[in-house]
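Undergrad: Next input, structure requested:
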Amino acid sequence: MNKAKGNETHNGVCRGQLETVRQSEEHFRHLFDDSPMALWEEDLSLLKKRIDKIRAGGVASFKDYFAQHPEVVTGCMSTVTITTVNRTALNLFKADRKEFLRYGLAAIYGEKNQEAFSKELLALSEGKSEFEGEVLTHALTGEIKHIIVRWVVPPTYEDTFSKVLVGAFDITERRLQEDDKKQSELQALQVEKLESLSKLSSKLAHDFNNVLMAIFGYSEILMGTLGKESKEYPLIEQVLIAARRAADMTQQLMIMAGKSKPNMAFLDTTQIIEEMQPVLKGRSLIKSILTFDLKSDLPWIEADPIQIRQMLPILLDNAAEAIGDKVGIITVRTGTFECQTSCLRSIHGGENLAPGTYVYVEVADTGAGMDKPTLSQLFVPFFTTKARKGVLDLSTVLGIMKGHGGAVSVISEVGTGTSFKLLFPISKRAVADAKKEKMIIREGWKGTGTILVVDDEPMIRDVLKYMLQDLGFDVLAASDGNSGIETYRKNSKDIVAVLLDLIMPGISSADTFKEIRRINKDACIILSSGASEDLAKAQFPLIEGISGFIRKPYQRQELTDTLYKLLTKQM
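TA: Residues are numbered from 1 along each chain as shown. Modelled structure (predicted):
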């Protein structure tokens with residue numbers, strides 16, 4: 001009886017202990033499943049055996065071995081079994097069911113992420129029973145995941161590694177934010193570099209403009225002194241032509257630096273090409289013969305002369321390429337062309353242009369011509385049929401023409417040659433207004449009074465002194481704003497105009513302007529800069545009060561035009 005009672009008591013104790021164990025396991029299971037941390041269990045027993053086998057084979061450095069045998073890493077990965085996972089782990093790896101992750105680490109690491117698994121594999125090969133490190137893995141959807149992994153081998157499992165507890169923290173968002181920050185820093189550094197390059201380009205262009213001003217001024221003074229009958233006169237003309245080309249390149253530098261914009265002006269296309277003829281004839285066109293067929297009295301267009309002079313050499317070089325080593329003819333023509341809607345739709349850049357009369361500049365050659373596949377790629381940036389260095393692509397031409405509201409017509413046939421026509425819209429303003437703006441000053445016009453030149457560059461002050469004296473003016477010069485203000489204060493009754501440089505050291509040109517206008521509210525002040533007028537306005541808020549603007553480097557006629565209009569009150 002007592003024995004039976006004792007057994008009953010013993011069984012009761014066992015049942016109580018089992019219940020306690022069951023409740024503990026259930027409690028642990030709840031903690032495991034509901035943990036905000038991604039948790040899972042792994043069975044690494046097969047992996048442990050493989051590592052031991054490799055070690056028995058005499059491998060001394062597992063790090064070198066794994067690096068030299070990536071296929072071993074892949075094979076080891078396939079031996080790992082994930083026995084159970086919690087809900088947070090499922091969410092981390094975008095798995096709908098636990099079964100999707102029980103296929104092993106290959107499901108979440110994969111061949112592309114072997115480096116991440118190699119870190120854990122190395123820890124295991126070194127006999128460690130725990131590991132912590134950052135690894136790069138991916139969700140089942142392919143989304144990259146940055147996680148901190150920590151695994152521990154529980155007591156009694158150190159020999160077999162049949163049970164390993166793994167926890168993971170998702171730090172993907174933090175890493176993405178850090179990457180964004182790094183990218184922003186790199187972009188800021190790139191912007192800083194571009195700004196530095198822009199400042200350097202602007203500084204170089206500013207210095208070149210000052211040098212070109214001296215070349216223009218002294219060359220024209222020499223031409224006036226020697227006269228057209230002098231044998232040196234044509235040589236000086238070539239100096240001026242070269243200086244104009246240099247001025248065009250300097251303006252391109254200013255545009256790249258963001259200190260200038262295309263300078264639209266009323267142009268006679270025939271006149272500008274006639275001015276370019278010596279330069280165009282001097283180009284190396286292989287065996288091509290260059291001819292001109294230029295019409296007079298064409299309607300005026302509004303265009304940037306610098307960009308016009310940029311396009312023609314591109315077309316000439318491509319025409320010379322088409323002719324090659326054979327003798328051929330390149331013809332430059334100007335004229336007018338009547339364009340209907342159907343015609344405009346068939347040419348490059350003409351889709352949205354209005355029908356009507358257009359002024360054209362044509363470059364035609366007797367070269368090999370182009371087939372349809374070549375024509376279809378003609379305006380693709382950097383496309384060329386030959387590897388000729390230094391030839392700008394035709395996309396540059398199309399871009400410039402679109403900026404002028406124009407279009408490009410191309411007619412070509414294999415064996416017959418090619419014709420490029422640049423179509424410019426006629427100026428909407430009346431021809432009389434255009435001619436008035438493009439007014440040619442009468443020979444022999446002379447001014448009176450004193451002009452004050454305020455410029456920090458000595459050679460600019462010197463050359464302007466000669467140019468202005470030749471126009472009949474007395475000249476005073478100042479090297480900065482302070483001396484300019486003081487000079488004007490002492491001579492305000494005699495000074496009829498001030499030529500004020502935009503960028504000077506010391507007191508700014510804007511403050512110089514204000515002080516001179518305080519002395520004389522009607523003072524005629526002409527601002528001078530290598531930047532375009534609209535960008536000069538941004539640097540000089542009082543530009544609306546400025547009497548006139550002249551863009552460096554300028555020649556005698558531009559200076560004369562500006563002074564004539566202001567001092568004689570003719571617009």
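Undergrad: Longest strand in the chain, please.
TA: In the chain, with assignment by DSSP state E, the single longest strand is strand 328-339.
Undergrad: Now do it: everything it contacts.
TA: Here strand 328-339 makes contact (CB atoms under 8 Å, 6 or more residues apart in numbering) with 269-270, 273, 280, 285, 287-295, 298-299, 312, 316, 319-320, 322-323, 350, 353, 355-367, 417, 421, 423. For every residue, glycine as well, the C-beta is placed using N, CA and C.
Undergrad: taking the residues you listed one by one, which sit in strands?
TA: Per DSSP E, strands hold the following members of the contacts of strand 328-339: 288-293, 356-365, 417, 421, 423.
Undergrad: Now, of those residues, which are buried?
TA: Buried members of the ones in strands among the contacts of strand 328-339, counted by 16 or more other CB atoms under 10 Å: 288, 290, 358-365, 417, 421, 423.
Undergrad: Turn those into JSON lines, columns for distance to H30 and pLDDT.
TA: Below are those laid out as JSON lines (distance: CB to CB, whole Å; pLDDT from 0 to 100):
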{"residue": "S288", "distance to H30": "89", "pLDDT": "81"}
{"residue": "L290", "distance to H30": "92", "pLDDT": "89"}
{"residue": "Y358", "distance to H30": "83", "pLDDT": "93"}
{"residue": "V359", "distance to H30": "86", "pLDDT": "94"}
{"residue": "Y360", "distance to H30": "85", "pLDDT": "94"}
{"residue": "V361", "distance to H30": "85", "pLDDT": "94"}
{"residue": "E362", "distance to H30": "86", "pLDDT": "94"}
{"residue": "V363", "distance to H30": "84", "pLDDT": "94"}
{"residue": "A364", "distance to H30": "88", "pLDDT": "93"}
{"residue": "D365", "distance to H30": "86", "pLDDT": "91"}
{"residue": "G417", "distance to H30": "87", "pLDDT": "90"}
{"residue": "K421", "distance to H30": "83", "pLDDT": "93"}
{"residue": "L423", "distance to H30": "80", "pLDDT": "93"}
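Undergrad: Can you lay out those as JSON lines showing distance to P70?
TA: JSON lines is the format used below for these (distance: CB to CB, whole Å):
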{"residue": "S288", "distance to P70": "61"}
{"residue": "L290", "distance to P70": "65"}
{"residue": "Y358", "distance to P70": "66"}
{"residue": "V359", "distance to P70": "68"}
{"residue": "Y360", "distance to P70": "65"}
{"residue": "V361", "distance to P70": "63"}
{"residue": "E362", "distance to P70": "64"}
{"residue": "V363", "distance to P70": "60"}
{"residue": "A364", "distance to P70": "63"}
{"residue": "D365", "distance to P70": "59"}
{"residue": "G417", "distance to P70": "60"}
{"residue": "K421", "distance to P70": "62"}
{"residue": "L423", "distance to P70": "62"}
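Undergrad: For the stretch 351-500 of the chain, just list every one of the strands.
TA: Along the stretch 351-500 of the chain, counting by DSSP state E, counting those that start in this stretch, strands occupy 356-365, 407-413, 417-425, 450-454, 474-478, 495-501.
Undergrad: shouldn't E134 be in contact with R150?
TA: No: using CB atoms under 8 Å, E134 is not in contact with R150; the gap is 10.6 Å.
Undergrad: buried set for stretch 420-429?
TA: By 16+ other CB under 10 Å, the buried positions in stretch 420-429 come out as F420, K421, L422, L423, F424, P425, I426, S427.
Undergrad: ditto for stretch 160-177
TA: For stretch 160-177, the neighbour count (16+ other CB under 10 Å) marks F161, S162, K163, V164, L165, V166, G167, A168, D170, T172, R175 as buried.
Undergrad: just stretch 327-347 next, same as before
TA: Across stretch 327-347, burial judged by 16+ other CB under 10 Å covers G328, I330, T331, V332, R333, T334, G335, C339, C343, L344, I347.
Undergrad: A246: which of those is nearest?
TA: Set against A246, the nearest of those by CB to CB is V332 (22.7 Å).
Undergrad: From L375, how far out is the closest one?
TA: Separation of V332 from L375 (CB to CB, to the nearest Å) stands at 21 Å.
Undergrad: Then L226?
TA: With the distance defined as CB to CB, L226 ends up 51 Å from L375.
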